[in-house]
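1. the sequence isn't on hand, but the structure is:
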């Protein structure tokens, strides 16, 4: 497909995008920072439905009033229960609804009369099921459109907002409410939950997370626009199966990407997967080739699965962009150096070429400290430096290599602790270049990897993942430069 033909197809894509957001509202603050929550369908049974939603909210110490709603119970989980949301004594910013699908339209009508601001519909059995479910969904949306709540879902796991101590996404456990720079919207409860669970273990920290479900009202486009303007968010991540307004999505993706990175995993890439997505969230597939080409033109970084999505989101939290594509490899293993070289070339990066003066400087510095003869070409193999002494020999070599590279993979056996973090900050402040880290023994350094990653030094267990991280940083920096003439500061 030529660039001209692609541009024409994208233009038609946008013009044919006639579906517009219903009752559009940019301010979703009370969705992520509600002052009160009602759980409609709450029970004492905590293994699913409303009981699970209520348990998640209470386990994670939401600080505002929580109102269980059940037609016959007077008390649930030690809290006063109400027969209807209309009986709740205070205002309700967010209603979490987990009842049979057929009963949802009437409850949405009650929420409208109560002036509930937002409703998360956990219930399934709507457009993802069949035509009757689609009619039920349309009825519900019609009621909400007349001044009722904005809806997330149906078929949604809800919201995780660390700053508000609000969690309905991560089930059966209390999680750390440690806010961070990453926002996420996902069309999969499993994908959303595990992006947070696994990502948190690797050092990701989140501003706002939402499981979007069927997108009957609020859509991925609405969330992308909101996250793009959100000062608490520096990286936007997402899992897509289908979008409601593809032309608008591409426009928003380009607009947001000029300010902050957007990284997406796009499902439904095959015919079988597209059919599965219809029964999953009712998602209707777009023209896949044209849409993916449009995403790349819009500066979006594309992932091929959950693991890569987490890795790339982590990479894009790096606070400094590369100014070029020359990679320095500073390692303590020949195999890691070889694997990294392969990855550099296959991903379109370049190995930095080191001058003879640098090679001599590295050799003279390393030879008194290592029992192996160091390799001072790129990759630099530092040999067996003392692993449990000072981190300064590693940091000194890092300074030398960074002076002649645009970005560096730094692989070491020294502990990934506060002392090393302080040294890495000093080096990065001096050179303003990306550093990704790989420990020699990742199974024993998980806590250290998390420490470095959440402080701007993405850490990976495998060299291929580390180099892919650097490639994504360069891809994004190069796209930003093409848009405004210079990389992000």
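-> Looks like it arrived, so ask away. Here the structure is a predicted model, which means the values were calculated and not measured.
2. can you map out the strands along the stretch 1-150 of the chain?
-> 37-40, 66-69, 75-76, 79-80, 94-97, 118-121, 150-152 (DSSP state E, counting those that start in this stretch).
3. how about TSV for those, with mean pLDDT, mean neighbour count and distance to residue 244 added?
-> Where C-beta positions appear, they are placed from N, C-alpha and C, glycine not excepted. TSV is the format used below for the strands of the stretch 1-150 of the chain (pLDDT from 0 to 100; neighbours: other Cβ atoms under 10 Å; distance: least, Cβ to Cβ, whole Å):
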stretch	mean pLDDT	mean neighbour count	distance to residue 244
strand 37-40	98	29	25
strand 66-69	98	24	30
strand 75-76	97	16	36
strand 79-80	97	14	37
strand 94-97	98	29	21
strand 118-121	98	28	16
strand 150-152	97	27	13
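4. could you dump those into JSON lines and include distance to residue 391?
-> As requested, these are exported to JSON lines (distance: least, Cβ to Cβ, whole Å):
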{"stretch": "strand 37-40", "distance to residue 391": "46"}
{"stretch": "strand 66-69", "distance to residue 391": "47"}
{"stretch": "strand 75-76", "distance to residue 391": "53"}
{"stretch": "strand 79-80", "distance to residue 391": "51"}
{"stretch": "strand 94-97", "distance to residue 391": "47"}
{"stretch": "strand 118-121", "distance to residue 391": "46"}
{"stretch": "strand 150-152", "distance to residue 391": "46"}
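5. which one of the ones you listed lies nearest to residue 357?
-> Closest to residue 357 of the strands of the stretch 1-150 of the chain is strand 150-152 (Cβ to Cβ; 59.3 Å).
6. next structured bit after that closest one?
-> strand 158-161 (DSSP states H and E).
7. that following strand - contacts with which helices or strands?
-> When contacts are defined as 3 or more Cβ pairs under 8 Å, 6 or more residues apart in numbering; DSSP states H and E, strand 158-161 packs onto helix 29-32, strand 166-167, strand 206-211.
8. could you single out the most deeply buried of those?
-> Scoring those by mean neighbour count under mean count of other Cβ atoms under 10 Å gives strand 206-211 as the most buried, with a mean of 27.
9. tell me the helices and strands packed up against that one.
-> Secondary-structure packing of strand 206-211 (3+ Cβ pairs under 8 Å, 6+ apart): strand 158-161, strand 182-186, helix 189-201, helix 220-229.
10. swap in 7 Å and give it another go.
-> Under the contact definition 3 or more Cβ pairs under 7 Å, 6 or more residues apart in numbering; DSSP states H and E, strand 206-211 sits against strand 158-161, strand 182-186, helix 189-201.
11. turn the helices and strands packed on strand 158-161 into TSV, columns for mean pLDDT and distance to residue 382.
-> Putting the helices and strands packed on strand 158-161 into TSV (pLDDT from 0 to 100; distance: least, Cβ to Cβ, whole Å) gives the following:
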stretch	mean pLDDT	distance to residue 382
helix 29-32	97	46
strand 166-167	96	43
strand 206-211	98	35
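12. need the ones you listed in a markdown table with distance to residue 339, can you?
-> Putting these into a markdown table (distance: least, Cβ to Cβ, whole Å) gives the following:
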| stretch | distance to residue 339 |
| --- | --- |
| helix 29-32 | 41 |
| strand 166-167 | 38 |
| strand 206-211 | 31 |
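13. of the ones you listed, which is nearest residue 103?
-> For the helices and strands packed on strand 158-161, the distance to residue 103 is smallest for strand 206-211, at 21.2 Å, taking Cβ to Cβ.
14. direction included, what does that closest one pair up with?
-> Pairing partners of strand 206-211, with direction, according to DSSP bridges: strand 158-161 (antiparallel), strand 182-186 (parallel).
15. which one of these has the most crowded surroundings?
-> Scoring the strands paired with strand 206-211 by mean neighbour count under mean count of other Cβ under 10 Å gives strand 182-186 as the most buried, with a mean of 28.
16. what's the angle from that one to helix 220-229?
-> With axes from the mean of the first three to the mean of the last three Cα atoms, to 10 degrees as the basis, strand 182-186 and helix 220-229 are set at 180 degrees to each other.
17. so how far is strand 182-186 off the chain centroid?
-> Relative to its parent chain, strand 182-186 has a centroid offset of 4 Å by Cα atoms, centre = their mean, to the nearest Å.
18. do stretch 86-106 as well
-> 29 Å.
19. list the buried residues in that stretch.
-> Along stretch 86-106, these residues count as buried under the neighbour rule (16 or more other Cβ atoms under 10 Å): 88, 92-99, 101, 104-105.
20. domain map for the protein?
-> Taking automatic domain parsing as the criterion, the chain consists of the domains 30-315, 326-484.
21. pick the most buried one from those domains.
-> Per-stretch averages of neighbours, counted by mean count of other Cβ under 10 Å, single out domain 30-315 among these, with a mean of 21.
22. distance between it and the chain's centre?
-> A distance of 14 Å separates the centroid of the chain from that of domain 30-315, by Cα atoms, centre = their mean.
23. how long is that domain from one end to the other?
-> One end of domain 30-315 to the other measures 30 Å (Cα to Cα, to the nearest Å).
24. kindly report the same for stretch 49-68.
-> With Cα to Cα as the measure, the ends of stretch 49-68 fall 13 Å from one another.
25. need the residues that contact it.
-> By Cβ atoms under 7 Å, 6 or more residues apart in numbering, the residues outside stretch 49-68 that reach it are 34-46, 76-77, 79, 81-82, 88, 90, 92, 96, 98, 122, 165-168, 171, 174-175.
26. go with 6 Å
-> By Cβ atoms under 6 Å, 6 or more residues apart in numbering, the list of residues contacting stretch 49-68 from outside reads 35-39, 41-43, 45-46, 76-77, 79, 81, 88, 90, 96, 98, 165-168, 174.
27. so what's the spatially most central residue of the chain up against?
-> Using Cα atoms, centre = their mean, the residue of the chain that lies closest to the mean C-alpha position is residue 237, 3.4 Å off. With contacts defined as Cβ under 6 Å, 6+ apart, residue 237 is in contact with 182, 184, 263, 313.
28. rerun at 7 Å
-> Shown here is residue 237, whose contacts under the criterion Cβ under 7 Å, 6+ apart are 182, 184, 195, 263, 309, 313.
29. check residue 372 too.
-> The neighbours of residue 372, taking Cβ under 7 Å, 6+ apart as the test, are 383-384.
30. please redo it, this time with the cut-off set to 10 Å
-> Applying Cβ atoms under 10 Å, 6 or more residues apart in numbering, we find residue 372 in contact with 332, 334, 366, 381-385.
31. how much space separates it from residue 381?
-> Computed with Cβ to Cβ, to the nearest Å, the distance linking residue 372 and residue 381 is 8 Å.
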